[in-house]
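1. Okay, sequence plus prediction incoming.
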Amino acid sequence: MNRRSAAASLAASPVMIGAVTVLIAIVAVFLAYNANNGLPFVPSYRISAQVPDAAQLVPGNEVRIGGVRVGVIEQIEPVQDDEGNLSATLDLKLDRSAAPIPKDSTVVVRARSALGLKYLEIDKGTSSEDWDEGAVLPLSAATPEPVEIDEVLNTFDEPTQVAIQENLVEFGNALAGRGPDLNAAIGSLRPLLPPLERVMDNLADPSTRLSRFVSALSATAAEVAPVAQQQARMFVSLDTTFTALAGVARPFIQETISESPPTLDVATRTLPRLRPFLSHSASLFTELRPGIDALRANAPTIASALEVGAPVLARSPAFNRQIPPTAAALRALNDDAAARDGIDRLVETDQLLNPTLRFLTPAQTVCNYPTLLLRNAQGIVENGDGPGTWQMFQVFDPPDGPNNEGSPSSGPANGGEPPNPQFPGFDRNYLHVNPYPNTAAPGQTPTECEAGNEPYLANQQVIGNVPGDQGTVTEGQE
């Protein structure tokens, strides 16, 4: 059997022709049913995207890039995060021609028509890194936030509708009967159009970055919006301030504005000359700072000195008048040979007495001993009657026992007498003597006023300086 006869036999079989026809119809229906989901056996690129709201998307809606259909939405799943926020995950089936998707790409749900049809728009970015197949674009890529038609229509609420009606009525009243005037105004605006065109060209030029200015202005308005009430109060306060300034605007503020330019001219000429002086003044005050700090600490003392010094200065002229004759007398004394010889003898005397005086001076300046000695000496004979004064003294019986002070002994008293029943625990037969007590003189250690301040050490012999530091306070001192 040749090919022609086999084809003729198939064409002559009605059953075979019907079976082929049914098969072709089934394939056509299958392809038509799955046309929205892509043709079978065609390679695809699958990726997912998260959006805050599916916004009435359904599986089978288109995915577009640049307005061109590149795939479909296969599946939509709601997702809830740990904080309870809801979002949606869209599983996308894209053509291989749409791959790859850069990582800085964004997605947005857009309206396909006013009837509510939606599609997903992918705005490809410029990043060098791409999303791998099967990756999920995060919520941060779902930007900008889509605006629904119902949200736009909801802006025209009843108060807005009433306001629009009132505006149309007022606009109509404003334009009614003013056709000639409008024509004249439009005719007058004609010369303005060529310069305006040049201005618009400059604004439209990308180098002006007008879009960035508008974005920055929007961001600025968003920043100041939360403080609108404070700004309103500020303008109210400014009105109060400017109202107060209006009272002194003339002539005071006016004269200030008028005199400011010449003043600035003078300052421009003068300040460069003052700069070296100011620099030197700064250096001077920097060097004076330690002295000023010390002066601040000694300010009370200086104030007291000034209070005391003011009366002294008032009497100084009279004192100054006495200085010349005194100086002349001192000059005559200096020129007198006999006086010079006496002065030399005084200098020698001072040199001889200086070591002694240096040793004895602390006895008065520190310990007040000469004053106490004179006071006690005067107290010996301070009492008396008409015939005379009385010398006061007291006789006491020395203690008994070995080496007592009442008779010659082989050594200093060192105890041995039975205890005094009036002073239990104390033995009186002990010698306490300090012939050379410390008087704060140079070379004595420690520096103390020992005479009259020695403690009585019971039941022991003490000869010479007692142990310890007795201090420098004596009777009559504070």
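-> Done, it's in.
2. now the stretch 201-350 of the chain, which segments are flagged as low pLDDT?
-> For the stretch 201-350 of the chain, no stretch has pLDDT under 70.
3. Quick check: which ranges of the stretch 1-150 of the chain have low pLDDT?
-> The stretch 1-150 of the chain contains residues with pLDDT under 70 at 1-20, 22-23, 25-42, 114.
4. Show me where it has its strands.
-> Under the criterion DSSP state E, counting those that start in this stretch, the stretch 1-150 of the chain carries strands at the ranges 44-51, 62-65, 68-80, 86-95, 101-102, 106-111, 118-123, 130-131, 136-137.
5. Now do the fourth one: which elements does it pack against?
-> This means strand 86-95. strand 44-51, strand 68-80 (3 or more C-beta pairs under 8 Å, 6 or more residues apart in numbering; DSSP states H and E). Placement of C-beta: from N, CA and C, glycine included.
6. run the last query once more with 10 Å
-> Judged by 3 or more C-beta pairs under 10 Å, 6 or more residues apart in numbering; DSSP states H and E, strand 86-95 is in contact with strand 44-51, strand 62-65, strand 68-80, strand 106-111, strand 118-123, strand 136-137.
7. How about residues contacting stretch 331-351?
-> residue 357 (C-beta atoms under 10 Å, 6 or more residues apart in numbering).
8. Report the backbone C-alpha coordinates of it in PDB.
-> The C-alpha coordinates for stretch 331-351 follow below in PDB (Å, rounded to 0.1, in the frame of the first residue of the first chain):
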ATOM      1  CA  ARG A 331      71.200 113.300 107.100                       C
ATOM      2  CA  ALA A 332      72.900 115.500 109.700                       C
ATOM      3  CA  LEU A 333      73.100 112.600 112.100                       C
ATOM      4  CA  ASN A 334      74.700 110.500 109.400                       C
ATOM      5  CA  ASP A 335      77.300 113.200 108.700                       C
ATOM      6  CA  ASP A 336      78.200 113.500 112.400                       C
ATOM      7  CA  ALA A 337      81.400 111.500 113.100                       C
ATOM      8  CA  ALA A 338      80.500 110.900 116.700                       C
ATOM      9  CA  ALA A 339      77.100 109.700 115.700                       C
ATOM     10  CA  ARG A 340      78.600 107.400 113.000                       C
ATOM     11  CA  ASP A 341      80.900 105.900 115.700                       C
ATOM     12  CA  GLY A 342      77.900 105.300 118.000                       C
ATOM     13  CA  ILE A 343      76.000 103.700 115.100                       C
ATOM     14  CA  ASP A 344      78.900 101.400 114.400                       C
ATOM     15  CA  ARG A 345      79.000 100.400 118.100                       C
ATOM     16  CA  LEU A 346      75.200  99.700 117.900                       C
ATOM     17  CA  VAL A 347      75.800  97.500 114.900                       C
ATOM     18  CA  GLU A 348      78.500  95.600 116.700                       C
ATOM     19  CA  THR A 349      76.200  95.200 119.700                       C
ATOM     20  CA  ASP A 350      73.400  94.000 117.600                       C
ATOM     21  CA  GLN A 351      75.700  91.500 116.000                       C
END
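9. going forward, begin numbering at 8 instead of 1
-> With 8 as the first residue, the last one maps to stretch 338-358.
10. Check the offset of that stretch from the chain's centre.
-> Here stretch 338-358 is found 73 Å from its chain centre; the criterion is C-alpha atoms, centre = their mean, to the nearest Å.
11. Buried ones in it, by neighbour count?
-> By neighbour count on 16 or more other C-beta atoms under 10 Å, the buried set for stretch 338-358 is empty.
12. need the helices and strands packed on strand 93-102 in a markdown table with mean neighbour count and distance to residue 302, can you?
-> Below are those laid out as a markdown table (neighbours: other C-beta atoms under 10 Å; distance: least, C-beta to C-beta, whole Å):
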| stretch | mean neighbour count | distance to residue 302 |
| --- | --- | --- |
| strand 51-58 | 19 | 74 |
| strand 69-72 | 19 | 82 |
| strand 75-87 | 15 | 76 |
| strand 113-118 | 18 | 71 |
| strand 125-130 | 20 | 75 |
| strand 143-144 | 18 | 74 |
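13. Out of those strands, the one nearest residue 237 is which?
-> Across the helices and strands packed on strand 93-102, residue 237 has its closest neighbour in strand 113-118 (36.0 Å, C-beta to C-beta).
14. Outline the domain layout of this structure.
-> 8-40, 50-153, 343-389+399-485 (automatic domain parsing).
15. for those domains, which one ends up most surrounded?
-> Neighbour counts (mean count of other C-beta atoms under 10 Å) averaged over each of the domains of the chain peak at domain 50-153, with a mean of 15.
16. one step back: the domains of the chain into JSON lines, with extra columns for distance to residue 256?
-> Below are the domains of the chain laid out as JSON lines (distance: least, C-beta to C-beta, whole Å):
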{"stretch": "domain 8-40", "distance to residue 256": "85"}
{"stretch": "domain 50-153", "distance to residue 256": "50"}
{"stretch": "domain 343-389+399-485", "distance to residue 256": "71"}
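17. Out of these, which is closest to residue 260?
-> domain 50-153 (50.4 Å).
18. I figured residue 372 hits residue 447, correct?
-> Yes - with contact defined as C-beta atoms under 10 Å, residue 372 reaches residue 447; the gap is 8.3 Å.
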